[in-house]
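A.B. asks: I would like to see how this sequence folds:
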Amino acid sequence: MNTDLPNCQPATSGLSQTGYVDFFTVSGAVQLTFVADVLAVALLVLVWPRRPAPGGSGRAVGCGGWSWAGHVFRQFWRVLGLRRGQAPSRPARRPGRWKPCVLLGALLLAGLGTTAYFREKRAASSGAPKRIVVLQNRLCLGTVWAERSFRWSLPLFNPTREEIRVAALRSSCACAEIHPTSFVLRPGRTVEVGLKLNLASWFDGDSASWERPFELEITPVFESHMAENVVWRLKGQIRRALRLSPPVVDFGDRLVRGHPHQPLGVTVHAFVPLEEFHIEYDKSRCRIETAGGAEALSNAGGTLELRVAVSPELPLGPFEMVGWLHGRTARGEHFPPVALRMRGKMVSPIGAYPETVHFGIRRAGETAAAELELFSRVGQRFRVRRVMVGDRSFGVSPSGTHYGLEHRFELTWRPRGAGEETHARITFQLETEAGEASDLLVPVSGYVWGSQSGSDARGEDGQTCPSPKHAAGEQQG
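C.D. replies: Numbering: from 1, shown residues only. Model (predicted):
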């Protein structure tokens, strides 16, 4: 991971970034005024010119100071008209000598009072929840690889003297998992909030770019003193080393159990030069071969063809599996594994159409009928040895015993109950010409008009039936 920060500039202090009002953002000018007042008073004490004490004793009275500095300032004040010429023969204090001291003292008191006022106003107006501090360098990821489980932490600091209770932390992206989401932040303490980010999801549906900007907003929700515009924005750049085309190998429902199939192709595109490349997968469930050597990915923009096939002995039904592409760049960086996803459905050599039979909504005592066809997917003749029905209200005819590529049956259903849905399975025991035996299960179901719901409507014959909305819900179930 590259931790340089060229793509993410630290944000300035403020409520929109850290939730904390910096000391100088509110009363910086007042603080500078206070410092200037202190320096002015210090200079006044040091350089104010001395005058001889009454009676010629030689002792100086007044503020006192260095003789050379006093001489300079005396000349300066004389030019400005702030000090008139002084006659040595008049030791009495001249009027107006105290005015500069009083003026500077007033400025000093004004600076202290204004500073105290703004500090108290800032503390009262910005409630405790606004003062959570997040270090700005922790809000910048830099440039990182597109991992599916990228770990990051945000240290939250409470510089106030009050306890802050965070009820929740909300994220602007479903790709983020936050822990903890609620906590109590005591005065002067820090809480580490952990993030688990699925950065690879930012490239879903993107078939061209190899680098994308990343931005995630985290909003705290406080139990009290609800603050406005308190948002922490986590930014960075995400890059990936490889791209797969297509991103998912989909076999559909064409795979017949026990029969081999043609492999499907996948193209691997390299965005950066690779020094090493290999594939990790479950060899008992699938097979992945490369059409060419891995040196085809040694240059940026290189491509490599893969041939993917799954085992014909997988169980019947849908399946999903993942292979992992590993490697190392020419700069020696190990990029996160890239997922090669495979999915499809394994079916039996003999299929049924339809795969599920539903008789719909029927009245009690009424007979319903439906057609069912069994056919061979591999062009192999078979016969039906036996048919078993799980519910006697369902019937099957005829049960053929001759060999053929397809067999047709008529299914019947005569419901005996009322106000309920009936489910059952019909089992066909099959045998091919090669002597291979197998079972084929066909689910059947139906709904009977009943009188168990108070919202049922009464039919013309006086028997109750469910409302269309209720009946649709029962069918979906």
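
A.B. asks: Might one say that Pro273 is in contact with Ala300?
C.D. replies: Yes: counting by CB atoms under 8 Å, Pro273 does reach Ala300; the two are 5.4 Å apart. C-beta here means a position set from N, CA and C on the backbone, and glycine is covered the same way.

A.B. asks: so what's Phe319 bridging to?
C.D. replies: Gly344 (DSSP bridges).

A.B. asks: Relative to Ser245, how far out is it?
C.D. replies: For Phe319, the distance to Ser245 equals 22 Å [CB to CB, to the nearest Å].

A.B. asks: More neighbours: the two, which one.
C.D. replies: Shown here are Phe319 and Ser245; by other CB atoms under 10 Å, Phe319 has more neighbours (18 against 11).

A.B. asks: what about the helices in this protein?
C.D. replies: 23-47, 67-80, 99-125, 468-476 (DSSP state H).

A.B. asks: Lowest mean pLDDT across those helices, which one is that?
C.D. replies: Lowest mean pLDDT of those: helix 468-476, a mean of 35.

A.B. asks: Contacts for stretch 166-179 next, please.
C.D. replies: 129, 181-185, 193-199, 201-202, 216-223 (CB atoms under 8 Å, 6 or more residues apart in numbering).

A.B. asks: Now do the contacts for Arg307.
C.D. replies: Going by CB under 8 Å, 6+ apart, Arg307 touches Pro263, Leu264, Gly265, Ile288, Glu289, Thr290, Ala291.

A.B. asks: remind me which residues of this structure are low pLDDT?
C.D. replies: 1-130, 206-207, 225-229, 399-401, 417-419, 450-477 (pLDDT under 70).

A.B. asks: Now do the residue nearest to Phe150 when sequence neighbours are not counted against Trp145, distance only.
C.D. replies: Take Phe150 and drop its neighbours on the chain: the residue closest to it by CB to CB, 6 or more residues apart in numbering is Leu197, 4.4 Å away. Between Leu197 and Trp145 the distance is 12 Å, computed by CB to CB.

A.B. asks: Those two: who's more crowded?
C.D. replies: Just comparing Leu197 and Trp145: by other CB under 10 Å the higher neighbour count belongs to Leu197, 26 against 17.

A.B. asks: thought Ala200 was touching Arg148?
C.D. replies: Yes: using CB under 8 Å, Ala200 is in contact with Arg148, at 4.7 Å.

A.B. asks: Looking at these two, which is more packed in?
C.D. replies: Counted by other CB under 10 Å, Ala200 and Arg148 do not tie: Ala200 has more neighbours, with 19 against 15.

A.B. asks: measure the more buried one to Ser172 for me?
C.D. replies: Ala200 is 18 Å from Ser172, where distance means CB to CB.

A.B. asks: ok, now Arg161?
C.D. replies: Distance of Arg161 to Ser172, given as CB to CB: 32 Å.

A.B. asks: The two - which one has more neighbours?
C.D. replies: Applying other CB under 10 Å to Arg161 and Ser172 shows that Ser172 carries more neighbours, namely 14 against 9.

A.B. asks: returning to that earlier point: shared neighbours, Ala200 and Arg148?
C.D. replies: Contact criterion CB under 8 Å, 6+ apart; residues shared by Ala200 and Arg148: Pro336, Ala339.

A.B. asks: dump the residue contacts of the closest residue to Val389 other than its chain neighbours.
C.D. replies: Leaving aside its chain neighbours, Val389 sits nearest to Ile426 (5.4 Å; criterion: CB to CB, 6+ apart). By CB under 8 Å, 6+ apart, the contact list for Ile426 reads Val387, Met388, Val389, Gly390, Phe394, Val396, Leu411, Leu441, Val442, Val444.

A.B. asks: Please pick the buried ones from the residues you listed.
C.D. replies: Val387, Phe394, Val396, Leu411, Val442, Val444 (16 or more other CB atoms under 10 Å).

A.B. asks: Tell me how many other residues crowd Cys286.
C.D. replies: 20.

A.B. asks: Was I right to think it contacts Phe319?
C.D. replies: No: counting by CB under 8 Å, Cys286 sits too far from Phe319 to count as a contact (9.6 Å).

A.B. asks: Mutual contacts of those two, please.
C.D. replies: Joint contacts of Cys286 and Phe319 (CB under 8 Å, 6+ apart) are Val310, Met342.

A.B. asks: picking up where we left off before, how much space separates the residue nearest to Val389 from Phe277?
C.D. replies: 51 Å.

A.B. asks: what do you get for Met346?
C.D. replies: Met346 is 30 Å from Phe277, by CB to CB.

A.B. asks: can you list the domains in the protein?
C.D. replies: Under automatic domain parsing, the residue ranges defining each domain of the chain are 23-125, 128-239, 242-347, 350-476.

A.B. asks: who wins for neighbours among the contacts of Arg307?
C.D. replies: Compared across the contacts of Arg307, Ile288 has the highest neighbour count, 19 neighbours, by other CB under 10 Å.

A.B. asks: So what sits opposite the residue nearest to Val389 in the bridge?
C.D. replies: Beta-bridge partners for Ile426, by DSSP bridges, are Val389, Val442.

A.B. asks: repeat for Gly236
C.D. replies: With DSSP bridges as the rule, Gly236 is bridged to Phe214.

A.B. asks: Wait, it touches Asn137, no?
C.D. replies: No: counting by CB under 8 Å, Gly236 does not reach Asn137; the two are 11.8 Å apart.

A.B. asks: among the buried ones among the contacts of Ile426, which are in strands?
C.D. replies: Among the buried ones among the contacts of Ile426, the ones falling in strands (DSSP state E) are Val387, Phe394, Val396, Leu411, Val442, Val444.

A.B. asks: ok, back up a step: just the buried residues of the contacts of stretch 166-179.
C.D. replies: Buried among the contacts of stretch 166-179 by 16+ other CB under 10 Å: 129, 183, 185, 193, 195, 197-199, 202, 216, 218, 220, 222.

A.B. asks: can you tell me which of those residues are in strands?
C.D. replies: Using DSSP E, the subset of the buried ones among the contacts of stretch 166-179 located in strands is Phe183, Leu185, Val193, Leu195, Leu197, Leu216, Ile218, Pro220, Phe222.
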